[in-house]
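J.: let's see this in three dimensions:
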Amino acid sequence: QLRLVESGGGLVQPGGSLRLSCAASGFTFNNYAIGWFRQAPGKEREGVSCISSGGSTNSADSVKGRFTISRDNAKNTVYLQMNSLKPEDTAVYYCARTPKGYCGRWASLNEYDYWGQGTQVTVSS
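T.: Numbers count the residues shown, from 1 in each chain. The predicted structure follows:
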């Protein structure tokens, strides 16, 4: 059974850091691109970052220079290192799998076929 499980969310002060993890199982992990999305209350889900099977990355302009996506194929895990967090980063963060090895139109929800349950990130003093 294919699963994606996010972890690492929590409450952090502005300027702080968190590292989110997306643990995958049930498929050949290193063949697929994985994306991170987020959804704030009352807003649409938006793409944050994506990493291809080969390690190429894409990120939203709003997080460039602050967030870094990476993957460890030996652990079937994708990470999202989030630094210099801002209150506007507060959201539920989701990871998702594309049915292909590249990110392509990575910010489009339609590009993804499986989703995790999400992890809450709250940035507040």
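J.: gap between Ile34 and Glu44?
T.: 20 Å (CB to CB, to the nearest Å). Backbone N, C-alpha and C define where each C-beta goes, glycine included.
J.: settle it for me: which of the two has more neighbours?
T.: Neighbour totals were compared for Ile34 and Glu44, and Ile34 leads with 27 against 8 (other CB atoms under 10 Å).
J.: for Val92, which non-adjacent residue is spatially closest?
T.: Sequence neighbours aside, Gly118 is the residue nearest to Val92 in space, at 4.2 Å (criterion: CB to CB, 6 or more residues apart in numbering).
J.: residues contacting the one you found?
T.: Neighbouring residues of Gly118 by CB atoms under 8 Å, 6 or more residues apart in numbering: 6, 39, 92-94.
J.: now the two most distant members of those residues.
T.: Glu6 and Gln39 (12.5 Å; CB to CB).
J.: which of the contacts of Gly118 count as buried?
T.: Among those, those classed as buried by 16 or more other CB atoms under 10 Å are 6, 92-94.
J.: need the contact list for Cys22.
T.: Cys22 neighbours (CB under 8 Å, 6+ apart): 4-6, 34, 36, 77-80, 95, 116.
J.: hmm, try it at 7 Å
T.: 4, 6, 34, 77-78, 95, 116 (CB atoms under 7 Å, 6 or more residues apart in numbering).
J.: nothing else from me, thank you.
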